[in-house]
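**Q** Quick check, what structure comes out for this input:
(one chain, ligands or ions: 2)
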Amino acid sequence: MVSKIIGVAGAGSWATALSVLLAHKGYTVRMWSRHAALAKEITITRENIRYLPGVIVPPAVEVTVHIEEAVREADAVVFAVPSHAFREVLQSALPHLSGTGLIINAAKGIEEDSLRRLSQAFAEVAGPQALERYVALSGPSHAEEVGRQVPTAVVAASSSIKSAEYAQDLFMCDNFRVYTNPDVAGVELGGALKNVIALGTGIADGLGFGDNTKAALMTRGLAEITRLGITLGANPLTFGGLAGVGDLIVTCTSMHSRNRRAGMAIGRGKSLEEALAEVGMVVEGVRTTRAARRLSELYGVNMPITEQMHEVLFEGFSPETAVNKLMTRGKKHETEEVALAAAALGKSQF
Ligand SMILES: NC(=O)C1=CN([C@@H]2O[C@H](COP(=O)(O)OP(=O)(O)OC[C@H]3O[C@@H](n4cnc5c(N)ncnc54)[C@H](OP(=O)(O)O)[C@@H]3O)[C@@H](O)[C@H]2O)C=CC1
Ligand SMILES: O=C(CO)COP(=O)(O)O
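**A** Residues are numbered from 1 along each chain as shown. Ligands and ions are numbered 1, 2, ... in the order given. Model (predicted):
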């Protein structure tokens, strides 16, 4: 095995789980936390009690509060901060990054103001020529299960097959299987937009609805994710893969999902603020609902579930009203709108 140094920006649940995985693979991991107290606690206790309790952090994971120490000598840097912090953290790391190392982004979101996907934000900060060193890591992968070495499969997406394969080799082990995919847009959109639907299935659970409702939201959610994805240039097949339906399934059904848990609290009558406080970790779907709603308006893509999520989260409508509006919409043919989106772009129907 080749000895490597891997920088990890972030010290939350996903950053910790990936750091532990990489340390088990024999690499030296330098993880950056912006909080001295957390960095010290992990260093002393070998556990990230706040974000990933019960998982032993091996000695090969060094924790620092200085981002330059985490990334300076790194062969690859993994960014695992919330999507709204990605641009800022990248900017602070950039002067210290090697000009050749791989940048692997594990965050799932869309920038709320710019409406950029994170690879687009990366290109704006690091320059478009740097995109060949950029990999989006996505797919159904809760930190709590990766931390327990539960068999998991994910996707490494890059415009450069060499970079995607480098990331594949970096992470792949007996319990963590990595596929490559050149469709960065599809992988990023699948990973971001499923969080909106998971908030919705959480609300349905909180309201006491059943599995029928969940299946309906997931399936019709995937239809609207696919419609927007096709319109934004993604490969429709990506949404049938791990970063699409795979991540949708896990996030909409898992007890670990922060988005689903926030939705459940709202369904039980809590305000958005109370729900976020209860979860205590990043709930990406909240900001992504705003971004997805604006993208749907900008590109004229019908996204009724996203629309209703926006009304519940930000416009004061009750979850019951949202359900009623979704159920009493005009009659539809099941594949009509996806087919129209594909046809508008000259892609074959599927
Ligand atoms: N958790 C999971 O299972 C998975 C998460 N992801 C994605 O990974 C990303 C991170 O999620 P996750 O680890 O769950 O989040 P957590 O809430 O567990 O941790 C977030 C981390 O980012 C840091 N952070 C928060 N805001 C900022 C900021 N403005 N600037 C710098 N650092 C900041 C936090 O530091 P501090 O403690 O100081 O606030 C913390 O270290 C998300 O995009 C998520 O969708 C993807 C797959 C799985
Ligand atoms: O993306 C994830 C699992 O693949 C994590 O989802 P949550 O942020 O909802 O926990």
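**Q** Neighbours of Gly233, how many?
**A** 12 (other C-beta atoms under 10 Å). Every residue, glycine included, has its C-beta placed from N, CA and C.
**Q** What residues does the stretch 1-150 of the chain have near ligand 2?
**A** Lys108, Pro140, Ser141, His142 (C-beta under 6 Å from any ligand atom).
**Q** ok, now with 8 Å
**A** The stretch 1-150 of the chain comes close to ligand 2 at residues Ser13, Trp14, Lys108, Ser138, Gly139, Pro140, Ser141, His142, Ala143, as judged by C-beta under 8 Å from any ligand atom.
**Q** Count the residues that sit near the third one.
**A** Number of residues near Lys108 (other C-beta under 10 Å) recorded here: 30.
**Q** Quick check: closest non-adjacent residue to it.
**A** Nearest non-adjacent residue to Lys108, counting by C-beta to C-beta, 6 or more residues apart in numbering: Gly191, 3.8 Å away.
**Q** anything in the helix or strand that contains the one you found near ligand 2?
**A** Gly191 is located in helix 184-206, with elements delineated by DSSP states H and E. Yes - using C-beta under 8 Å from any ligand atom, helix 184-206 reaches ligand 2 at Gly191, Lys194, Asn195, Ala198.
**Q** What residues sit buried inside that helix?
**A** Going by neighbour count (16 or more other C-beta atoms under 10 Å), the buried part of helix 184-206 is 184-206.
**Q** Closest one to Thr238 out of the residues of helix 184-206 next to ligand 2, please.
**A** Nearest to Thr238 among these is Gly191, at 10.3 Å by C-beta to C-beta.
**Q** Assumed Arg30 was part of a strand.
**A** Yes - the assignment for Arg30 is a strand, going by DSSP: H, G, I helix; E, B strand; the rest coil.
**Q** Beta-bridge partners for it, please?
**A** Gly7, Glu62 (DSSP bridges).
**Q** Of the residues of the stretch 1-150 of the chain next to ligand 2, which are in range of ligand 1?
**A** Counting by C-beta under 8 Å from any ligand atom, Ser13, Trp14, Lys108, Ser138, Ser141, His142, Ala143 from those sit close to ligand 1.
**Q** Give me every residue in the stretch 251-350 of the chain lying close to ligand 1.
**A** So the stretch 251-350 of the chain meets ligand 1 at His256, Arg258, Gly280, Met281, Val282, Glu284 (C-beta under 8 Å from any ligand atom).
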